[in-house]
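In: got a sequence here, can you build the structure:
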Amino acid sequence: MTQDLQNQTGSSVPWKKVLILLIFIGGFSAFFILGGDRYVNFSTLKANRDRLLTYTLNHYWSILIGIMIIYTVSTALSLPVATPLSLTTGFLFGLWVGTAIIFFSATLGATLVFLAARYVFAESVSRRMGTISKKLISEFNRNDFNYLLFLRLVPLFPFWLINLATAFTPIKVQTYVTATAIGIIPGAFVFTNLGQSLGRIDSPDQLLSFNTISALILLGIFSLIPVFFKKFRSIKAEKGEVK
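Out: So this is what the prediction gives:
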């Protein structure tokens, strides 16, 4: 991989790419090696809810800043802890402050991993793309804001996967950040609200109801209406030219 990066961009830049890659791989690996998955999960959160709440009341700003950093880093490293962290944030800080924390931290973390993946891999991946992949990317790029907003709103696509996949498209950073920030809001609102009722939830399976998931999917579909309208106008214009 290092040699491939050297062939693309010269002798000095590849070391920066390798360093960034090692930071992300090292951080992700360290989380599991140090047993992070045993501490950041639904069961641990539920068992320590009273202790966490008391500590937060006594050290409000320290915990607030700390959870923002943890949420940002975990998002950037694509760690599978978004759900317990979102519930914890809602439980400790309430609906509005909790939503604001997730909104800022998740957007920042997603942007960091997006920029890192684009810097390290985008050029190499683009050189190896086939015709079908290039057509899909071209279609995505024509309506990148609406497509990305749809992917963010619908809770069927892994957040980390969207962060990485979009890095290989020509989407502008500003468009990526805007669509990500808007798309995060409904989910953040839902999970912080659920976090407030943590004592009544016995398992993660109770978190999202059918109605909640359906509402998020409908929001995603609404975000694609401009795309459908644009395609309809394009087809209508083509038919008019043929006539």
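In: neighbours of the spatially closest residue to V81 that is not a sequence neighbour, how many?
Out: The spatial neighbour of V81 that comes closest, neighbours along the chain excluded (Cβ to Cβ, 6 or more residues apart in numbering), is V40 at 4.5 Å. Every C-beta, even on glycine, is put in place using the N, C-alpha and C of the backbone. For V40, the tally of surrounding residues (other Cβ atoms under 10 Å) stands at 19.
In: OK, contacts around V40?
Out: 74, 81, 84-85 (Cβ atoms under 8 Å, 6 or more residues apart in numbering).
In: of those residues, keep whichever come out buried.
Out: Buried subset of these (neighbour count, 16 or more other Cβ atoms under 10 Å): 74, 81, 84-85.
In: and Q196, what does it touch?
Out: Per Cβ under 8 Å, 6+ apart, neighbours of Q196: 90-91, 94-95.
In: in those residues, find the pair that's most separated.
Out: Greatest spatial distance among the contacts of Q196 (Cβ to Cβ): F91 and L95, at 10.5 Å.
In: contacts for stretch 91-99 next, please.
Out: So stretch 91-99 is contacted by 45, 49, 52-53, 56, 63-64, 67, 86, 89-90, 101, 185, 188-189, 192-193, 195-196, 198 (Cβ under 8 Å, 6+ apart).
In: quick one on the thing from earlier: could the buried ones among the contacts of V40 be laid out in CSV, adding distance to T107?
Out: Output for those, formatted as CSV (distance: Cβ to Cβ, whole Å):
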residue, distance to T107
S74, 14
V81, 17
P84, 19
L85, 14
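In: and of those residues, the nearest to T175?
Out: Nearest to T175 among the buried ones among the contacts of V40: S74, at 24.3 Å, using Cβ to Cβ.
In: what's the separation between the closest one and K16?
Out: 23 Å (Cβ to Cβ, to the nearest Å).
In: was I right about S86 contacting F191?
Out: Yes: with contacts counted by Cβ atoms under 8 Å, S86 reaches F191, the gap being 3.7 Å.
In: any common contacting residues for those two?
Out: Common contacts of S86 and F191, defined by Cβ under 8 Å, 6+ apart, comprise I102.
In: on that earlier part again, tell me which of the buried ones among the contacts of V40 has the lowest pLDDT.
Out: The lowest pLDDT within these belongs to P84, with 89.
In: next one: phi and psi at that residue?
Out: phi -60, psi -30 (degrees, to the nearest 10).
In: list the contacts of it.
Out: P84 touches 40-42, 44-45, counting by Cβ under 8 Å, 6+ apart.
In: what number of residues lie near T166?
Out: By other Cβ under 10 Å, 24 other residues sit near T166.
In: quickly check the buried ones among the contacts of V40 for the two that are furthest apart.
Out: For the buried ones among the contacts of V40, the farthest-apart pair by Cβ to Cβ is S74 and P84; their separation is 9.9 Å.
In: buried set for the host helix or strand of T44?
Out: Element membership of T44, judged by DSSP states H and E, is helix 42-47. For helix 42-47, a neighbour-count test (16+ other Cβ under 10 Å) marks 42, 45-46 as buried.
In: out of those residues, who's nearest F159?
Out: Closest approach between these and F159, by Cβ to Cβ: F42, at 17.4 Å.
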